[in-house]
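> Got a predicted model here, sequence first, then my questions.
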Amino acid sequence: MAGKFHVPDYRYHTLVVKVENKSGVLARLAALFSRRGFNIESLAVAPTDDARFSRITVVVDLESAPLEQIIKQLDKLVNVVEIRELHPGHAVERELMIVTVEAGPDRRDELVEHLDRAGGKVLSVGTDSMMLSLVGPPKRVDDFEELLHPYGIIELQRTGRVALANLDEAD
Amino acid sequence: MQMDGGQALIRALELEGVDVMFGLPGGAILPVYDPIIDSSIRHILVRHEQGAGHMAEGFAHATGRPGVAMVTSGPGATNIVTPLCDAHMDSVPLVVITGQVPYAAIGTDAFQECDTTGITQSVTKHNFLVSDAQDIPRTIKEAFHIATTGRPGPVLVDIPKDIVDPGNPRSAMEWTDDVEMDLPGYNPRTDVDPAAIRAAAEMIRAAERPVLYVGGGVLKARAAEALRRLAEMTGIHVVTTLMARGAFPDSHELCLGMPGMHGNFTAVTAMQEADLLIALGARFDDRVTGRIDGFAPGAKIIHVDIDAAELGKVRRPDVAIQGDCRVAIEALAEVFAADGAGDTDRDAWRSRISGWQERFPLYYEPSQPGDSLKPQFVIERLRDATPDDTIVASGVGQHQMWASQYWCFDHPYTWVNSGGLGTMGFCIPAAIGAKVGCPDKMVWAVDGDGCFQMTAQELVTATVENIPIKVALLNNSYLGMVRQWQEMFYDERYSEVFLSKDVPDYKAWAEAMGCVGMRVDSPEDVDAAIAKANEIDDRPVVIDFRVSASEKVYPMVPSGASNSDLVVPPSQQDLPR
Ligand SMILES: Cc1ncc(C[n+]2csc(CCOP(=O)(O)OP(=O)(O)O)c2C)c(N)n1
Ligand SMILES: [Mg+2]
């Protein structure tokens, strides 16, 4: 575990938690958060290049508890191997959204224009709807989602964010 | 060597040095009970699994070695959840083995299946569900390592039946003597940061009103000797929390006794007025601090704890020292031995302390001729009639507070009690476990009538297994502590706290369980009964002391109040503080 913590000046911080790839580990982490009253904003789990470990990227709400307590309690879980705290200003954060939105033929060009500007893709086109995807920093995904509301969102899925430290700041 | 999983489990326990375990068999754990017959391990058959858990705790408290319990799946496992939680709160090293339904049946709601690892996740330091017989020796090794290192605590190992059942091919395994642990995420740190030690030493030298705030961690770190040296070389007064009674001798001139909700006036007030608290293995529990924003408002804090998460959890320390208490205490003592402990003038502080000690000693109204027996008096007589290394176990309630206040703890590991969870029913089985661990010491259980009725059946275990503990039952016919709150904070409206004056007949009940039973109603008979009990060493003894129901525990910090608003006994209420 890193010995030093950034001074938290954002409400949400991202923790990248390397855990043993054993059954029940995610439940332990989730149970710890609920037992101690820590709020999770988003959570993503994936295997790493080493089959023994998984990586959990969890965005925590610092209004529910101090960052230092959250990290120290997490570190007590026997299956947690390493915790890295990514300060929002010093990390690359990405999130994927896929969304089906109402889009009759007359509104498609306009939608695609927005999509291009945000850097998204058209996944498929139906009679009165389109399925779009966007990968980007969480803020851009938020903004794009906002923009889609007037069109009518039929279904929407977001992954929660994943993150890595900026290259020159990785330790 | 070819073995089945059950044999491997017992063999692994033997290799960990286990010579006694507490438990009760059932379907899922049956195959592991068979090799016990051929093992050197003594198994103590309890009457309820909660008893097994508290016995293992009592054993661990008294000996410092991990307590071991083994129970079956389902109801056996759920019955031991309370002791697990108790051990988790009080950092008691336990290894609990539970049977589980066969691996393939997990998740099917099989007979006596429950999600043991799920249920116990938040009340254990760690738990394991073993899926393969070959993993048993490694898992047991890991369980003992986790339970006994870092901040100690309970570890549960859940064992599906098929991997220990010799009739099942899944139980076959190859035993090897050298198994390696695989715990990449577990690296407890014991060394301390020298810079933090120097900063702490500087702060201690400069302090005018310092107090050593000693918690259970000092006992866990086996640091009582080191603490005494530190206190004596600095001349700093010591308070010992409920979990740390005995970590510093009560009869020492620097000892102020117990702080907290029912702490004595001087301990509580010295902390409130201190300019420096040196917290050693203590966690700023709400029962110690009272209302947190009113706690020791003028004090700087040095906080030593092996658990990093305790540092800053409740009160932000000025110097945080993560590591083993003994290592930290010895490092501080070394600094003082080399460069002196400073020459800050503390005469004024010392005289304030002795003033408090003179004006506000622990006090109760002694009974007048014809009055009923006072519980505090019973404890005082018992204290004076027993060897000073007697182990005292207690339940939870008024009797617990009186025992911790009026006993004189001069030795570490002589006080066995449930602090963090406050578990009624802890006393009898914990006393039994302590006696099993320390057969040559006298063990007295000071229990309440409410608590006693929760786990008294374990006296049957004590009789049958020849574990001669002694029980002083402070029978006030009430759930006394709750009655006290109702008297003080609910306008004397007594709701559901009266037990009964006459039922059960404790003497007859004790005798039915194979113990010697006695009853004492008046102060004149106390000494003779205790003397008689002290002489009996071939079976348990129970003395039913019929004590006054209206006694209250003083001093008291009302829940939610600041420690500065400590309520003292009526006779001290008008004295200047
Ligand atoms: C299992 C459990 N249930 C309830 C409580 C709440 N409680 C705390 S003290 C107490 C009364 C204990 O009565 P008794 O054993 O007679 O002790 P006394 O206070 O009378 O000395 C109760 C009910 C508890 N601590 N534990
Ligand atoms: Mg009572």
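Structure received. Numbering: from 1, shown residues only, chains lettered A, B, ... in the order given. Ligands and ions are numbered 1, 2, ... in the order given.

> okay, now B:W415: neighbour count?
Residues within reach of B:W415, counting by other CB atoms under 10 Å in any protein chain shown, total 25. Using the backbone N, CA and C atoms, a C-beta is placed for each residue, glycine as well.

> Not counting sequence-adjacent ones, nearest residue to it?
Once flanking residues are discounted, B:W415 sits nearest to B:R245: 4.2 Å by CB to CB, 6 or more residues apart in numbering or on different chains.

> Retrieve the pLDDT associated with the closest residue in space to B:D537 that isn't next to it in sequence.
Nearest residue to B:D537, sequence neighbours excluded (CB to CB, 6+ apart): B:P468, at 5.3 Å. Reported pLDDT at B:P468 in the predicted model: 98.

> just A:R161 next, same as before
A:R161 is assigned a pLDDT of 88 by the prediction.

> That one contacts A:K139, doesn't it?
No - assessed by CB atoms under 8 Å, A:R161 is found out of contact with A:K139, at 10.4 Å.

> Which one's more surrounded, the two?
The residue with more neighbours, out of A:R161 and A:K139, is A:R161; 23 against 11, by other CB under 10 Å.

> on that earlier part again, just the element for the residue nearest to B:D537, please.
Using DSSP states H and E, B:P468 maps to neither a helix nor a strand.

> any idea how far ligand 2 is from B:V327?
Per CB to the ion, to the nearest Å, B:V327 is found 42 Å from ligand 2.

> Measure how buried that residue is and give me the count.
Neighbour count of B:V327, defined by other CB under 10 Å: 19.

> cool, and A:A46?
So A:A46, with other CB under 10 Å, has 10 neighbours.

> Can you classify it by secondary structure?
Classification of A:A46 using DSSP: H, G, I helix; E, B strand; the rest coil returns strand.

> Next, the contact list for B:G480, please.
By CB atoms under 8 Å, 6 or more residues apart in numbering or on different chains, B:G480 lies in contact with B:G397, B:Q398, B:H399, B:G448, B:G450, B:V497, B:A549, B:E551.

> redo that, cut-off 10 Å
The contact partners of B:G480, by CB atoms under 10 Å, 6 or more residues apart in numbering or on different chains, come to B:375, B:397-399, B:401-402, B:448-450, B:474, B:497, B:499, B:547-553.

> and the residues you listed near ligand 2, which?
Contacts with ligand 2 within the contacts of B:G480, counted by CB under 5 Å from the ion: B:G448, B:D449, B:G450.

> Name whatever forms a beta bridge with the first one.
Taking DSSP bridges as the rule, B:G448 bridges to B:L474.

> Neighbours of it, how many?
29.

> ok, so what distance separates it from B:F426?
Look at B:G448 and B:F426: by CB to CB, to the nearest Å, they are 11 Å apart.

> Name the residues contacting each of these two.
Common contacts of B:G448 and B:F426, defined by CB under 10 Å, 6+ apart, comprise B:S394, B:G395, B:V396, B:Q400, B:M454.

> Please look at the fourth one and B:A430 and confirm they touch.
Which is B:Q400. No - using CB atoms under 10 Å, B:Q400 is not in contact with B:A430, being 11.7 Å away.
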